[in-house]
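**Student:** Sequence and predicted structure, then a few things I'm wondering about:
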Amino acid sequence: MRIILGLLSGLLGALAGWAGLAALVVMLAGPDRDGGIAMGAFFDIGPIGGVVGLIAGVWLFVRFGLVRNAAPEPGDAAESPETAPPRASRLSFPFAITVLLIVAALGYWGWYEFIRSPNLSHGFMTLAIEFRLPPGMTLPDKEQDVHIEVEEATGYANAMLPPNWRAHDGDRKAIISSASLMYKTRHRAVSLTLPDMPTQHWSIDLPSDPDPTPGFSPWRTASEPSPAKIEMHFRLSADR
């Protein structure tokens, strides 16, 4: 039983060290624009914390995990060293409470990350974003000159431009793009940066766990007044 408890303590330490080091790296790195920091922290740096946590978990169990029961009081029938049974060991109460707190914290973190994902409800969700330029304004010649960024909570993602990203709405030029929604959150925004123009921002008015929209939203101008008068609208679709 002691070996099993030591192994479980080591595995719990490895899980806590892995998750803790990865979370620390993500926190210190700041907002993640494409998920690369989080992936690197979890798969590249996290295992280092897992090894340290494994060793620490086993050592802490050996050092503090078990305590011996109290010796018999003088005058007891079993006080003779020849007749007294060996004192049994039991799990340390403070150590058990610490383990339960770690398990609860890891369980809550896993549950929180799980319910934040849209995959729990509608599956893969795509946000189609279109921008309409004012009359007379021309589109950039190169795709690299168009930078569209979608913000979700504290994360950022670059929107993708399809081959037919250069479009028009009547006599007005337009830009077609799309991005994937990754989290359940009430804070979503999109920004557009074009050459020789200040970056413009729009809020995405969706609930934290949105349903697909039947069509595009109404056209709206940027949050901050801008002489460019570029308009944006969006539509949300899902796998199911």
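**Tutor:** Structure received. Please read all numbers here as calculations on a predicted model, not as lab measurements.
**Student:** Do I have it right that residue 208 meets residue 184?
**Tutor:** Yes: judged on CB atoms under 8 Å, residue 208 makes contact with residue 184 at a distance of 4.8 Å. (Glycine included, C-beta is placed from N, CA and C.)
**Student:** of the two, who's got more company?
**Tutor:** The residue with more neighbours, out of residue 208 and residue 184, is residue 184; 17 against 13, by other CB atoms under 10 Å.
**Student:** so the more buried one sits in a helix?
**Tutor:** No: read with DSSP: H, G, I helix; E, B strand; the rest coil, residue 184 is coil and lies in no helix.
**Student:** ok, it touching residue 125?
**Tutor:** No: at 10.4 Å, residue 184 does not count as touching residue 125 under the criterion of CB under 8 Å.
**Student:** avg pLDDT for the helix or strand containing residue 177?
**Tutor:** Assigned by DSSP states H and E, residue 177 belongs to strand 172-181. For strand 172-181, mean pLDDT is 92.
**Student:** quick one, strands of the chain?
**Tutor:** With strands called from DSSP state E, the chain shows them at 66-68, 89-91, 125-132, 147-152, 155-158, 166-169, 172-181, 188-193, 200-203, 220-221, 231-238.
**Student:** can you pull the buried residues of the first one?
**Tutor:** Of the residues in strand 66-68, residue 66 count as buried by neighbour count, 16 or more other CB atoms under 10 Å.
**Student:** now swap in the longest one and tell me
**Tutor:** Of the residues in strand 172-181, those buried under the neighbour-count criterion (16+ other CB under 10 Å) are 173-179, 181.
**Student:** Could you tell me the angle between that strand and strand 188-193?
**Tutor:** Counting by axes from the mean of the first three to the mean of the last three CA atoms, to 10 degrees, strand 172-181 lies at 140 degrees to strand 188-193.
**Student:** sorry, back to before: residue 212: which of the strands of the chain is closest?
**Tutor:** Residue 212 sits nearest to strand 231-238 of all these, at 4.7 Å, using CB to CB.
**Student:** Quick check: which helices or strands does the closest one pack against?
**Tutor:** Strand 231-238 sits against strand 125-132, strand 188-193, strand 220-221, with contacts defined as 3 or more CB pairs under 8 Å, 6 or more residues apart in numbering; DSSP states H and E.
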